[in-house]
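Peer 1: I'd like to go over a predicted model; first the sequence, then the structure.
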Amino acid sequence: MHAVRLLFVGPRQVQFAPVDLPEPLPGPGTLLVRTLFSGISSGTELLGYRGLLDPELPIDERIGSLGGTFRYPFPYGYSCVGVVEKSAGALPPGTPVFAFHPHQDRFVVGEDDVVALPAGTDPRLATLLPFVETGLQLSLDAGQVAQETVVVLGLGVVGLLTALLLQRAGATVVTADPLPERRSLATALGIRAVQPEELASQLPSGGVPLAVELSGSPVALAGTLDLLAHEGTALVGSWYGRQQVQLPLGGAFHRRRLTIRSSQVSTIPAALAGRWDVGRRRRVAVALLDELPLSALATTEFAFEEAPQAYRALDSREPGIVHVALRYS
């Protein structure tokens with residue numbers, strides 16, 4: 001049994017490659033999944049496409065299908081949505097599932113490594129599940145925000161979702177992005193959005209207790225510190241890869257007791273571990289698929305065979321693109 005997967009073979013180069021699948025299924029609890037859509041990340045995945053990740057860095061040691069490092073060639077992707085074709089487990093054929101798996105038209109996976117989706121779930125929108133879960137983790141890491149003004153920098157998929165979730169938690173959210181079309185989309189979703197250079201003038205005179213940096217730009221974090229109130233926190237969800245970040249950590253940072261803290265979806269922070277685990281967070285994220293305006297973010301599709309064009313379009317920031325998914329026949 002054969003399948004086709006996508007390989008990253010060099011900076012800004014992707015190719016298709018055959019892969020053999022075991023037949024029959026290798027053991028109890030395994031599934032053969034036929035992919036319907038797979039989402040492309042404009043964060044880690046785009047850094048990998050551009051060659052901006054350490055080639056010795058493990059891709060994701062927690063997920064078996066994402067083994068190895070970012071040394072070319074490597075498969076990548078973590079947002080496949082499909083249907084079970086064959087089952088040696090409890091999930092019957094025809095079950096819609098989500099899997100953290102690289103871009104591939106069919107794959108064999110353990111039943112414990114998929115998320116069964118409710119019947120009727122839109123498979124295209126379900127490719128946004130990892131971004132919803134990331135936004136949820138960011139909103140949890142933000143802590144108590146009710147009746148506070150919070151800044152979100154960057155209005156990509158994660159920035160928009162984080163802003164929406166912080167608003168649901170009771171925050172007054174002010175966002176910034178240099179792209180007019182992203183600000184217009186945010187406004188249409190009920191999110192206040194301004195140009196980055198206008199941001200400081202739109203905030204309380206004493207600054208804000210929390211700013212969430214999600215732009216992916218290495219220069220953005222330095223300016224974020226100027227927006228914070230005394231003992232404020234810059235929560236960094238961006239991953240800059242091998243890009244260097246320079247920060248002004250002199251008098252203002254030191255004397256105002258500012259905090260720079262990272263947020264990452266791979267783990268649950270110790271402060272939340274008594275109430276949250278990955279299972280609970282993922283169940284909440286699945287429920288949010290029906291509650292958030294995801295159709296406004298799912299802007300662009302390419303056929304799986306057109307994957308090179310999809311990456312070029314995302315890399316060049318073609319107008320109108322928010323989230324790109326590959327469509328499988």
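Peer 2: Arrived safely, thanks for sending.
Peer 1: quick one, helices of this protein?
Peer 2: 44-50, 123-126, 129-141, 157-168, 180-188, 220-225, 251-255, 278-288, 307-315 (DSSP state H).
Peer 1: so the spatially closest residue to Arg5 that is not a sequence neighbour versus Thr162, what's the distance?
Peer 2: Using Cβ to Cβ, 6 or more residues apart in numbering and skipping the chain neighbours, the partner closest in space to Arg5 is Gln104 (4.0 Å). For glycine as for every other residue, the C-beta is placed from the backbone atoms N, C-alpha and C. Separation of Gln104 from Thr162 (Cβ to Cβ, to the nearest Å) stands at 29 Å.
Peer 1: and these two? Which one has more around it.
Peer 2: More neighbours surround Thr162 than the other of Gln104 and Thr162, with 31 against 25 (other Cβ atoms under 10 Å).
Peer 1: which residues sit in contact with the more buried one?
Peer 2: Going by Cβ atoms under 8 Å, 6 or more residues apart in numbering, Thr162 touches 134-135, 138-139, 152, 212, 214, 237.
Peer 1: quick one: the longest strand seen in the chain to helix 129-141, angle?
Peer 2: Longest strand of the chain, by residue count under DSSP state E: strand 30-40. Inter-element angle recorded for strand 30-40 and helix 129-141: 70 degrees (by axes from the mean of the first three to the mean of the last three Cα atoms, to 10 degrees).
Peer 1: residue contacts, the one residue sitting closest to the centre of the chain?
Peer 2: Closest residue to the average C-alpha location of the chain: Phe131 at 3.7 Å, with Cα atoms, centre = their mean. Applying Cβ under 8 Å, 6+ apart, we find Phe131 in contact with 39, 157-158, 161, 323.
Peer 1: which two in those are spaced the farthest apart?
Peer 2: The largest separation in the contacts of Phe131, counting by Cβ to Cβ, is between Gly39 and Leu161 at 13.1 Å.
Peer 1: overlap in contacts of the two?
Peer 2: With Cβ under 8 Å, 6+ apart, Gly39 and Leu161 have common neighbours 128, 131.
Peer 1: as a whole number, average confidence for stretch 117-135?
Peer 2: In this model, stretch 117-135 has a mean pLDDT of 97.
Peer 1: how many other residues sit next to the residue nearest to Leu294 when sequence neighbours are not counted?
Peer 2: With sequence-adjacent residues excluded and distances taken as Cβ to Cβ, 6+ apart, Leu294 is closest to Leu125, at 4.5 Å. If you count neighbours by other Cβ under 10 Å, Leu125 ends up with 21.
Peer 1: surely Leu125 meets Ala296?
Peer 2: No - counting by Cβ atoms under 8 Å, Ala296 is not a contact partner of Leu125; they are 10.4 Å apart.
Peer 1: list the beta-bridge partners for Ala303.
Peer 2: In this entry, Ala303 is beta-bridged to Arg327, by DSSP bridges.
Peer 1: confidence score at Pro308?
Peer 2: You'll see Pro308 listed with a pLDDT of 98.
Peer 1: check the gap between it and Arg282 for me.
Peer 2: 32 Å.
Peer 1: now Phe8
Peer 2: 27 Å.
Peer 1: go on, Arg257?
Peer 2: Here Arg257 is placed at a distance of 35 Å from Arg282 (Cβ to Cβ).
Peer 1: those two: who's more crowded?
Peer 2: Remark: of Arg257 and Arg282, Arg282 carries more neighbours, 17 against 10, as counted by other Cβ under 10 Å.
Peer 1: and the more buried one, what does it touch?
Peer 2: For Arg282, the contacting residues are 115, 133, by Cβ under 8 Å, 6+ apart.
Peer 1: good, we can wrap up now.
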